[in-house]
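In: the following comprises the amino acid sequence and a computationally predicted model.
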2 protein chains.
Amino acid sequence: MCADILKAIAQPTRLRIIELLRDGEHCVCEIYPAIGHEQSNTSRHLQMMLKSGILRQRKEGLKIFYSLRHPEVLEMVRLAELIMQREAEQTLGVLTAKCRT
Amino acid sequence: MCADILKAIAQPTRLRIIELLRDGEHCVCEIYPAIGHEQSNTSRHLQMMLKSGILRQRKEGLKIFYSLRHPEVLEMVRLAELIMQREAEQTLGVLTAKCRT
DNA sequence: CAACTGTATGATTATTTACTCATACATCCA
DNA sequence: TGGATGTATGAGTAAATAATCATACAGTTG
């Protein structure tokens, strides 16, 4: 079911990780301080996204680097933001209209 | 947070509803038999999607018709399916390679 | 008004999720 | 080999989620 792909994206902490990985691969030791979560928690999210298929893993010595596997993931986030923005504009429009009455 | 938009989509039952609404508006009484869930459960999912902003409501007599508000939602589902499909192909590729060894 | 139809919602439950702490595991290096 | 570093994972917990049943609510029609 493609809901798994969507679920892997639809969570604030994971969205932050995805944003971080936008500019290329990062290791766990870089990611968890950046997002302000425990190492264990961050690792769990990364494992989850790895298993769902949206991330890739590369080991280098002690460190493990994660990166995005599909550019479409960024496109999906962009579309979600676009919808949010459009809704905000509509809400504003309604308020503006109310002020005019 | 745009995670709310994504969460509204990232659930099997709601994905089925979204697929149903692909061809235009439907009332609850049409939707819940089509997806094989209780009326109350279906109504809850519709309310959830309405509040997240991805659905629109139109009342006509007793019936309430729901429809998709943003075509981007369908685009997001399409991208998720594309990723799934690509992963399936890669898995198949790996298996094929293993058979050749 | 009363009965009926279509939809929403309170109460409850089982499951899943996100998180934390402690610890295990793996790799590197002195 | 032993200690240090980076990552993963078991156990436990609180909160969120999806579902059900019963019931309330709204609009229609006799």
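Out: Arrived safely, thanks for sending.
In: the helix ranked longest in chain A packs against which elements?
Out: In chain A, with assignment by DSSP state H, the single longest helix is helix A:71-100. Here helix A:71-100 touches helix A:3-9, helix A:12-21, helix B:3-9, helix B:71-100, going by 3 or more Cβ pairs under 8 Å, 6 or more residues apart in numbering or on different chains; DSSP states H and E. Quick note: C-beta positions are derived from backbone N, CA and C, even for glycine.
In: now it: mean pLDDT?
Out: Averaging pLDDT along helix A:71-100 yields 88.
In: coming back round to it: now the helices and strands packed on helix A:71-100 in JSON lines, with mean neighbour count and distance to B:Arg44?
Out: Below are these laid out as JSON lines (neighbours: other Cβ atoms under 10 Å in any protein chain shown; distance: least, Cβ to Cβ, whole Å):
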{"stretch": "helix A:3-9", "mean neighbour count": "23", "distance to B:Arg44": "17"}
{"stretch": "helix A:12-21", "mean neighbour count": "18", "distance to B:Arg44": "23"}
{"stretch": "helix B:3-9", "mean neighbour count": "23", "distance to B:Arg44": "12"}
{"stretch": "helix B:71-100", "mean neighbour count": "14", "distance to B:Arg44": "19"}
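In: just put the ones you listed in JSON lines and tack on distance to DNA strand D.
Out: Shown next, in JSON lines, are these (distance: least, Cβ to the nearest atom of the strand, whole Å):
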{"stretch": "helix A:3-9", "distance to DNA strand D": "9"}
{"stretch": "helix A:12-21", "distance to DNA strand D": "11"}
{"stretch": "helix B:3-9", "distance to DNA strand D": "6"}
{"stretch": "helix B:71-100", "distance to DNA strand D": "15"}
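In: so what's the residue positioned nearest the centre of chain A up against?
Out: Most central in chain A under Cα atoms, centre = their mean is A:Leu15, positioned 2.0 Å from the mean C-alpha point. Contacts for A:Leu15 (Cβ atoms under 8 Å, 6 or more residues apart in numbering or on different chains) come out as A:9, A:77, B:1-3, B:6.
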